[in-house]
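Engineer: could you look at this predicted model? Sequence included:
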Amino acid sequence: MSGVMGKFLVTGFVLGSVAACSSGSDDGKNLTAPKEMNTFSCQFTLTEGGTADYSALGTSKTARTYFEKEFNLNYLAAVYTSSVDETLRFVNLTGATVYKSELIPTNLCSSSLYTGAQTMPSDISDKWKSSNKDLPKGQVILGLYLPKKDSSLFPSLHKGAAIIVRENTNRWTLVHEFMHHLFMLRADETGYDDEGIRAEYSITKAIIENIFSDESLDDNKKSQKSALPFARFAKAQDTLLLHYFLEEITIEAILKDASSNGVLKYVPTEEGNWYIYESAKKALKLYEDISDVASQLLNYLPSSAVAERAAIADLKASIEKRKVTIAALTDRFPYTNESQGGVLLSGAAPSHVGCSHAEEGEKIMTISKKVTDKFKNLH
């Protein structure tokens with residue numbers, strides 16, 4: 001779930017409204033930024049803030065938040081008012097190692113807040129470089145989360161997680177990345193099987209494709225045979241979205257709530273609703289396409305297809321629930337000037353392949369479109 005910085009900076013995943021852009025070399029090493037870029041790393045010093053609450057280590061208070069996602073609130077609360085240095089120390093004791101990358105050159109703000117973070121080993125560094133390679137024009141990555149499940153791909157993880165932050169990003173970025181870690185820890189506790197969900201996603205996609213390639217079936221038969229596999233496909237996709245677009249929305253909303261309430265301190269307070277808006281827009285597109293197909297299937301399916309109609313009706317109801325939560329959050333954190341663009345500052349990498357979160361989200365969108373288009377092309 002790598003985050004990237006583009007035209008405008010935003011706090012955490014969304015820093016503020018300062019124009020910025022950058023470019024990258026072929027190996028991802030020589031990322032540059034304009035003189036007017038501001039990462040807000042100068043707003044607070046390395047040691048400004050309190051100590052972390054180390055007594056929270058080993059304790060658990062499960063909080064259920066937006067989209068029914070859960071995390072250990074004790075660990076987040078432990079760094080509410082801590083300094084960058086103390087946050088770094090605490091995070092390193094929770095099964096995630098914080099690594100530093102090079103600064104982004106800028107005349108506005110290049111305070112090295114993460115000099116105390118570890119130097120990246122070669123495999124982690126290679127992942128960082130690849131994530132920074134071939135970015136859209138005007139974007140650089142400020143933070144990256146690698147869960148422990150990636151240890152088979154990155155031996156240096158040693159079955160732990162990794163957080164990479166640029167030296168001159170701000171504390172919000174680290175706390176945002178830490179939230180990805182907290183959600184992953186809770187997912188592991190509840191037995192979430194990422195590979196199993198991805199397998200279900202791929203298998204049901206293949207089943208639907210095979211049905212539609214069967215020339216012996218008319219449109220009505222294709223609809224009826226594919227209804228239950230489509231419901232399974234959509235459910236698997238929803239689970240994946242909970243760990244991608246919806247998790248990004250959730251983290252930003254949690255941190256913005258805590259910051260506006262004065263609970264989370266020593267983080268930049270610039271306006272940052274763009275990333276919530278952008279993640280919501282992509283998630284809604286996926287849900288709307290699935291909902292459209294569900295409505296179409298209900299029109300095709302005969303009343304005798306009781307199981308199929310029930311599964312599709314349940315699917316539509318679950319989608320509406322997601323859309324209501326998304327709408328409520330975008331109403332609370334409005335962003336109306338889409339033409340201004342925005343910034344993604346941090347994020348997490350998926351647990352199964354070496355690609356960024358943004359890339360993974362786009363893959364989900366591409367796969368979903370291929371499936372939903374098959375239904376939309378029925379006559």
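Structural biologist: That came through fine.

Engineer: and residue 70, backbone torsions?
Structural biologist: Dihedral angles phi and psi of residue 70 (degrees, to the nearest 10) take the values phi -120, psi 150.

Engineer: which stretches of the stretch 251-379 of the chain have low pLDDT?
Structural biologist: Regions of the stretch 251-379 of the chain meeting the criterion pLDDT under 70 cover residues 270-272, 337-359, 379.

Engineer: can you rerun that using 90?
Structural biologist: 268-276, 278-279, 300, 335-365, 376-379 (pLDDT under 90).

Engineer: where do the strands of it begin and end?
Structural biologist: Applying DSSP state E, counting those that start in this stretch to the stretch 251-379 of the chain gives no strands.

Engineer: and the helices in it?
Structural biologist: 274-300, 306-332, 357-376 (DSSP state H, counting those that start in this stretch).

Engineer: from the chain's centre, how far out does the first one sit?
Structural biologist: Offset of helix 274-300 from its chain centre (Cα atoms, centre = their mean, to the nearest Å): 18 Å.

Engineer: buried sites along it?
Structural biologist: Residues of helix 274-300 classed as buried by neighbour count (16 or more other Cβ atoms under 10 Å): 274-280, 282-284, 286-287, 289-291, 293-294, 296-298, 300. Glycine gets a C-beta too; all of them are placed from N, C-alpha and C.

Engineer: now do the contacts for residue 46.
Structural biologist: With contact set as Cβ atoms under 8 Å, 6 or more residues apart in numbering, residue 46 has these partners: 83, 84, 85, 113, 115, 116.

Engineer: how about it, secondary structure?
Structural biologist: Judged by DSSP: H, G, I helix; E, B strand; the rest coil, the three-state class of residue 46 is coil.

Engineer: how much space separates it from residue 145?
Structural biologist: 22 Å (Cβ to Cβ, to the nearest Å).

Engineer: hang on, residue 145 in a strand?
Structural biologist: Yes - when three-state DSSP is applied, residue 145 is found to be in a strand.

Engineer: so what sits opposite it in the bridge?
Structural biologist: Under the criterion DSSP bridges, residue 145 forms beta bridges with residue 163.

Engineer: just confirm it contacts residue 181, I think it does.
Structural biologist: Yes - applying Cβ atoms under 8 Å as the test, residue 145 and residue 181 come out as touching, 6.3 Å apart.

Engineer: looking at these two, which has the bigger crowd around it?
Structural biologist: residue 145 (27 against 24; other Cβ atoms under 10 Å).

Engineer: roughly how far apart are the more buried one and residue 191?
Structural biologist: Counting by Cβ to Cβ, the separation of residue 145 from residue 191 is 21 Å.

Engineer: now the strands for the stretch 1-150 of the chain?
Structural biologist: Assigned by DSSP E, counting those that start in this stretch, the stretch 1-150 of the chain shows strands spanning 3-5, 8-11, 14-19, 62-64, 70-72, 96-101, 118-119, 140-146.

Engineer: out of the helices of the stretch 251-379 of the chain, flag the one nearest residue 123.
Structural biologist: Checking the helices of the stretch 251-379 of the chain against residue 123 by Cβ to Cβ gives helix 357-376 as the closest, at 18.7 Å.
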